[in-house]
Every structure is written in C-alpha cells, then in structure tokens.
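# Sharing a sequence plus its predicted fold:
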Amino acid sequence: MKILAVLSNKGGSGKTTVTLSLAVAAVEAGMSVAVVDLDPQSNSADWGDSREADSPVVVSAQAARLGPVLDAARENGVDLAVLDTAPRSEEAALKAARVSDFAFLIARPSIHDLRALRYSKDLLDLAKAPGAVLLNGVPHQGSHGDEAEAALEGWGLEVAPVRMSQRAAHYNAAAGGLTAIDYEPKSRAAEECREVLRWLMARKEMAD
Ligand SMILES: Nc1ncnc2c1ncn2[C@@H]1O[C@H](COP(=O)(O)OP(=O)(O)OP(=O)(O)O)[C@@H](O)[C@H]1O
Ligand SMILES: [Mg+2]
C-alpha cells in the first residue's frame with residue numbers, strides 16, 4: 001500500500017479537493033483506494049457520506065489513530081491511501097508526513113498560500129518525507145502559475161510540472177459527493193486530475 005499525504009498550512013488551498021479528485025482518479029484507474037480524513041472539519045468524510053458510489057472508502061480519524069487505521073487499510077487490500085489534513089495543525093500534518101511515501105503541498109498561486117508553504121517545507125524536512133508542491137486553482141490566463149513556480153523553486157521547493165486549474169467543475173461537483181471526474185468526465189478539470197495522478201504514480205517513491 002502506498003500513502004500520499006495532502007498538506008498545507010493555509011486554509012482553503014484545495015487539500016480536500018485534491019485528495020478526493022486523486023482518490024477518484026485512482027479508483028477510475030482500477031486501484032483500491034481509501035481516504036483518511038484527519039481534519040476535524042470532516043469535509044472529506046461528509047463528502048463520503050453524501051456519495052452514492054462505494055469507492056473510494058472514506059474514514060475519519062484522529063492523527064493519534066493513524067497507525068492502526070492504516071494497518072486496517074493495508075489488511076483490507078487497499079493500494080493507495082490518501083490523507084486529507086487540516087490547516088494550521090502542524091502536529092497532525094507532521095504525523096501524516098512521517099507515515100507517507102510522498103506528500104503534496106497544496107498551494108494556490110497567491111502570495112498568502114506561497115508564504116504558508118515555507119512552514120510546510122520545514123515540516124517535510126523534519127519528517128524526512130519526499131514531496132512536491134502541487135499548484136491548485138491556477139487561473140487559466142495570465143502568468144500566475146509560472147511566477148509562483150519560479151518563486152517556490154527559488155526557495156528550494158520541488159514543484160510538480162502538472163497543475164490543477166481554477167475550474168467550476170471542482171466546485172460544482174463537491175456538494176453531491178462527486179468530483180470533477182464523476183461530474184464532467186471529459187472536462188479539462190477531470191483530465192488534469194488524471195494527469196496529476198499519473199505524474200504521482202510514476203514517482204519512484206510511489207512505485208511498488
Ligand atoms: N481547482 C479548483 N477550482 C475551483 N474551485 C476549487 C478548486 N480547488 C478548490 N476549489 C474550491 O475552493 C474551496 C476550498 O477548497 P478545499 O475545501 O478543497 O480546500 P481545503 O484546503 O481543503 O480547505 P480547508 O483548509 O478548510 O480544509 C471549495 O469550495 C472548493 O470547491
Ligand atoms: Mg479541507
């Protein structure tokens with residue numbers, strides 16, 4: 001079983017959207033997938049309750065219970081566990097990063113998100129966890145994404161060459177327990193989720 005942590009200190013950067021989108025993309029690719037919601041806001045778990053499809057499995061857990069929860073997932077044949085985390089919760093994020101094979105640091109290309117990522121980089125260093133920044137909510141037009149990427153690389157952060165743009169499909173899908181892949185399978189939003197998953201699963205850290 002491979003474990004992906006989805007982190008960012010900043011609220012609203014898109015952790016839950018990325019978690020659920022990648023989980024559904026992995027289900028679509030034939031994997032057995034569990035989402036572990038470590039956020040007391042329980043956005044992922046609520047999404048799971050409103051979802052009609054049985055997969056991915058979504059469980060709510062406290063960071064202190066992460067070990068047993070992941071053991072149970074492993075015993076149940078889960079291929080990929082995706083950990084959705086809370087903002088401003090360094091201790092839980094550190095625990096998530098420590099057990100993960102790879103971490104995505106989620107940031108919108110805004111100065112506030114980018115500043116918050118400095119903390120997340122320290123956290124990855126502390127956890128000795130490999131990871132990369134995934135830019136989310138990138139405007140279709142303009143150079144915001146490229147400027148953010150250049151700034152982050154200047155701080156020594158790896159930035160994934162795949163991105164998730166600002167797309168209404170993400171927002172519209174969430175209320176019905178869906179993701180962009182379920183809601184508009186042929187949309188650019190859906191295709192970007194698949195591209196991010198393919199990039200992730202091609203990493204040596206995520207290989208069997
Ligand atoms: N790429 C995107 N395009 C359009 N809307 C998006 C995108 N990413 C996230 N959103 C929307 O932005 C809002 C915040 O996203 P989300 O809940 O995923 O962030 P979060 O980091 O999990 O927040 P929190 O820190 O509160 O857990 C949601 O309404 C979501 O639908
Ligand atoms: Mg969230």
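Happy to help now that I have it. Ligands and ions are numbered 1, 2, ... in the order given.

# Which helix in the chain has the most residues?
Longest helix of the chain, by residue count under DSSP state H: helix 111-127.

# Show me what it is packed against.
Helix 111-127 sits against helix 90-99, strand 102-107, helix 144-154, with contacts defined as 3 or more C-beta pairs under 8 Å, 6 or more residues apart in numbering; DSSP states H and E. Every residue, glycine included, has its C-beta placed from N, CA and C.

# same thing but at 10 Å, please
Here helix 111-127 touches strand 2-7, helix 90-99, strand 102-107, strand 131-138, helix 144-154, going by 3 or more C-beta pairs under 10 Å, 6 or more residues apart in numbering; DSSP states H and E.

# Same list, those, but as CSV with mean pLDDT please.
Converted to CSV, those look like this (pLDDT from 0 to 100):
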stretch, mean pLDDT
strand 2-7, 97
helix 90-99, 93
strand 102-107, 96
strand 131-138, 97
helix 144-154, 92
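
# what about the residue lying closest to N172 once chain neighbours are set aside, how many residues close to it?
Using C-beta to C-beta, 6 or more residues apart in numbering and skipping residues adjacent in sequence, the residue nearest N172 is Y183, 6.3 Å away. Neighbour count of Y183, defined by other C-beta atoms under 10 Å: 18.

# End to end on stretch 102-111, go ahead and measure it.
End-to-end distance of stretch 102-111 (C-alpha to C-alpha, to the nearest Å): 25 Å.

# so what's the residue nearest to N172 up against?
168-174, 176, 189-190 (C-beta atoms under 10 Å, 6 or more residues apart in numbering).

# so how far is ligand 2 from V138?
Shown here: V138 relative to ligand 2, a distance of 18 Å by C-beta to the ion, to the nearest Å.

# ok, now which ones touch the closest residue to that residue other than its chain neighbours?
Leaving aside its chain neighbours, V138 sits nearest to G145 (4.1 Å; criterion: C-beta to C-beta, 6+ apart). G145 sits next to 108-109, 135, 137-139, 159, 163, 165 when contact means C-beta under 10 Å, 6+ apart.

# do the same with G156
Contacts of G156 (C-beta under 10 Å, 6+ apart): 121, 125.

# For G176, grab the count of nearby residues.
Neighbour number of G176 under other C-beta under 10 Å is 13.

# how close does it get to ligand 2?
On the measure of C-beta to the ion, G176 and ligand 2 end up 17 Å apart.

# secondary structure class for that residue?
Here G176 is recorded as coil under DSSP: H, G, I helix; E, B strand; the rest coil.
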